[in-house]
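Engineer: Have a look at this prediction, sequence included:
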Amino acid sequence: MTLAEKIIRLRKEKGWSQEELAGQLEISRQSVSKWEGGVSIPELDKIVRMSEIFGVTTDYLLKEEQEEMAQKGREPEVSPRFVSAEEADGFMEITKKVSKWIALGVFLCIVSPICLITFGGLAEFGFLTFSEDAAAGIGLVILLVLVAVAVAILIFHGFRLSRYEYMEKESILLETGIIRQVKEKEEDFEPTFRMGCTIGVILCIGGAIPVVTTAFLENPLWEVLSIGVLLLLVACGVYILIRVGMVKGSYQKLLQEGDYTKKNKEASRVVSAFAGFYWCTVTAIFLVVFFRTENGKAAGLIWPVAGVLFGALYVAVKGVVTREKKK
């Protein structure tokens, strides 16, 4: 029995006309007529609402549709996971709180080599009273402390979001009325999101200005400090982008829009595997450079360079996977 046939049978069992069912669902009678005629399929929130008023499960309404698809040689879809109003509100609230900590962790990773590079350069040009080796040692200690704190922050607060990981990978159904509330919050946040993206991008691009100016200024002190300023401005820009991006992403996950549509969720499984492999490789390279070559400056630059490179590779891998899914 198809979904259309079930809607007809359940409606008649209630003794309702198409118009009466439409009134229960707050839609037009024509929409119900199209569902029962197999012309269109109800939206997910309407399926949830029908399961409530008919006293059946969403699995009951969707199961036969999946079996029919399997018989026709198509891959059946997995039943959507139901998300209650309390769970949706909790997810949005904890994402907003955790976003500042995740952004701080990434910020610390980006700025971690600043002291190493700055102290080493200042000692090399004679601006410090202690030797280059001492400057490099102090810089390395600061780098390792900052990276350790950043990793601890990312792990601890990452676990706080782990219970909601399914929203990135599984199809979900929101409780009736929640979709409208989430859309309203997304619309209210949109100006903040646009402003944050604008400022974040300007800081990331503007960070290159100090480095470029060193080509025109023959000042060794400025050459040393320009790299630190670059990393600091980029770190601030990335901090803002992560803050607004995570909050915006929480709305998109619930609404299954943008990067979190059904097709993109399927692609994200492959991309997640790539991300794990990538960062394990970066860590291995860092350890080899740090312990084998004793080149602290080169080791310190690995993390910010790897972060920038990851963004480009992430987009490329996701594009390839998405195209393969469409074939």
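Structural biologist: Yes, it's here.

Engineer: In a strand, L161, correct?
Structural biologist: No: going by DSSP: H, G, I helix; E, B strand; the rest coil, the assignment for L161 is helix, not a strand.

Engineer: quick one: what helix or strand has the closest residue to it other than its chain neighbours in it?
Structural biologist: Excluding its sequence neighbours, the residue lying closest to L161 (CB to CB, 6 or more residues apart in numbering) is V98, at 5.7 Å. Just so you know, the C-beta spots here come from the backbone N, C-alpha and C atoms, and that holds for glycine as well. Taking DSSP states H and E as the definition, V98 sits inside helix 85-111.

Engineer: just to revisit the earlier point, just give me the neighbour total for the residue nearest to L161.
Structural biologist: V98: 19 surrounding residues under other CB atoms under 10 Å.

Engineer: So it is in contact with V247, correct?
Structural biologist: No: taking CB atoms under 8 Å as the definition, V98 is not a contact partner of V247, at 10.1 Å.

Engineer: buried set for the helix or strand encompassing R49?
Structural biologist: Using DSSP H and E, the element containing R49 is helix 44-54. Using 16 or more other CB atoms under 10 Å as the test for burial, helix 44-54 gives L44, D45, K46, I47, V48, R49, M50, S51, F54.

Engineer: For the residue nearest to L161, which residues are in contact?
Structural biologist: Residues in contact with V98, defined by CB atoms under 8 Å, 6 or more residues apart in numbering, are H157, R160, L161, M246.

Engineer: Kindly recompute the last result at 10 Å.
Structural biologist: I153, F156, H157, G158, F159, R160, L161, M246, S250 (CB atoms under 10 Å, 6 or more residues apart in numbering).

Engineer: so how far is V111 from it?
Structural biologist: 20 Å (CB to CB, to the nearest Å).

Engineer: do V211 as well
Structural biologist: 16 Å.

Engineer: who's more crowded, these two?
Structural biologist: V111 (21 against 14).

Engineer: Going along the chain, name the strands of the stretch 151-300 of the chain.
Structural biologist: Ranges of strands in the stretch 151-300 of the chain, per DSSP state E, counting those that start in this stretch, are 172-174.

Engineer: Pull out the buried positions in stretch 190-201.
Structural biologist: Result for stretch 190-201 [16+ other CB under 10 Å]: buried residues F193, G196, C197, G200.

Engineer: what's the closest of these to G15?
Structural biologist: F193 (48.2 Å; CB to CB).

Engineer: Report the contact partners of that closest one.
Structural biologist: With contacts defined as CB under 10 Å, 6+ apart, the neighbours of F193 are E186, R243, V244, G245, V247, K248, Y251.

Engineer: how many neighbours does A103 have?
Structural biologist: When counting by other CB under 10 Å, one arrives at 21 neighbours for A103.

Engineer: wait, isn't it in contact with I240?
Structural biologist: Yes: between A103 and I240 there is a contact under CB atoms under 10 Å: 7.7 Å.

Engineer: Need phi/psi at F127.
Structural biologist: Dihedral pair for F127: phi -80, psi -10, per degrees, to the nearest 10.

Engineer: Nearest residue to it in space, please, no chain neighbours.
Structural biologist: Closest to F127 by CB to CB, 6+ apart is L221, at 6.5 Å.

Engineer: Tell me where the model's unsure across the stretch 101-250 of the chain.
Structural biologist: Flagging of the stretch 101-250 of the chain using pLDDT under 70 yields the residue ranges 175-176, 215, 220.

Engineer: The same query, at a cut-off of 90, please.
Structural biologist: 109-140, 143-144, 147, 158-183, 204-231, 234, 249 (pLDDT under 90).

Engineer: So which of the contacts of F193 is the closest to F130?
Structural biologist: Nearest to F130 among the contacts of F193, with distances taken as CB to CB, is R243, at 38.1 Å.

Engineer: Could you report the distance from that closest one to V83?
Structural biologist: Taken as CB to CB, the span from R243 to V83 is 24 Å.

Engineer: Next: Q24.
Structural biologist: For Q24 relative to V83 (CB to CB), the value is 22 Å.

Engineer: pull the longest helix from the chain.
Structural biologist: Ranked by residue count and defined by DSSP state H, the top helix of the chain is helix 220-255.

Engineer: Tell me which other helices or strands that one touches.
Structural biologist: Counting contacts by 3 or more CB pairs under 10 Å, 6 or more residues apart in numbering; DSSP states H and E, helix 220-255 is packed against helix 85-111, helix 114-124, helix 166-169, strand 172-174, helix 178-206, helix 208-213, helix 296-326.
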